[in-house]
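*Asks:* got a sequence here, can you build the structure:
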Amino acid sequence: MQQAENRTVFSGSSKEDEACAKLFWQSLTLHPPIESRLVSGDVHQRLKKAGPGRQPRNYAHTAMEEDPKLDQFLQRAHAEMMYEESVKLTSKSIQRQETLYTFRQQKEARKQKEAISQRVRPPVKEEESDEDLDEKLEVAEALAEMERFDEKLIEQGIISED
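*Replies:* Presented below is the predicted three-dimensional model:
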């Protein structure tokens, strides 16, 4: 490696190595030192903080001083609301239990009445309807016709009597 006229020359290297080195050095760019910059990143060069604008202060977002009497009143009101809610829920629960108890009693009374009526009631025979009789008659006629057909086949000797 030789240094000639502010250049580095690679002698004795292959053409490929020289091309890679040349490409590398061309792609490398050096940034100027910090001292030579026109503007520094120092805090003293930053702009001062802007003063308050022309708009008045928004008192809706400022914290108010807590009044102890108001705080106690709000706590009592909240406790009273919670108590009323618990009383309401308890009364609903009691009413539900009473309703369920009444339903159970009615169910037991109904079961007892059904048991008594089942012991007394004679068994009901189902009467055959006209449709059932017609259906049975059709089945009987079909069977009789099949028997006659079988007898004809036996007489003709087509089938044997088994």
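
*Asks:* now the element after the longest helix along the chain, going C-ward?
*Replies:* Ranked by number of residues, the top helix in the chain under DSSP state H is helix 68-120. Later in the chain than helix 68-120, the nearest helix or strand by DSSP states H and E is helix 130-156.

*Asks:* now do the SS call for Gly51.
*Replies:* Following DSSP: H, G, I helix; E, B strand; the rest coil, Gly51 is assigned to coil.

*Asks:* okay, now it: neighbour count?
*Replies:* 5 (other C-beta atoms under 10 Å). All C-beta atoms are positioned from the backbone trio N, CA, C, and that covers glycine.

*Asks:* can you offset everything so residue one is 798?
*Replies:* Yep, numbering from 798; the last one is Gly848 now.

*Asks:* give me the pLDDT for it.
*Replies:* Gly848 is assigned a predicted lDDT (pLDDT) of 76.

*Asks:* ok, Arg945 next?
*Replies:* Confidence at Arg945, expressed as pLDDT, is 92.

*Asks:* how about the one 5 residues further on?
*Replies:* The pLDDT attached to Leu950 in the predicted structure is 87.

*Asks:* just the one 5 residues further on next, same as before
*Replies:* pLDDT, Ile955: 80.

*Asks:* burial of it, as a residue count?
*Replies:* Counted with other C-beta under 10 Å, the neighbours of Ile955 add up to 8.

*Asks:* next: Leu950.
*Replies:* By other C-beta under 10 Å, neighbour count at Leu950 equals 13.

*Asks:* rewinding a little: average pLDDT for the longest helix of the chain, rounded please.
*Replies:* Averaged over helix 865-917, pLDDT sits at 93.

*Asks:* so what does that helix touch, helix or strand wise?
*Replies:* Judged by 3 or more C-beta pairs under 8 Å, 6 or more residues apart in numbering; DSSP states H and E, helix 865-917 has no packing partners among the helices and strands.

*Asks:* chain center to that helix: distance?
*Replies:* For helix 865-917, the distance from its own C-alpha centre to the chain's C-alpha centre is 33 Å (C-alpha atoms, centre = their mean, to the nearest Å).
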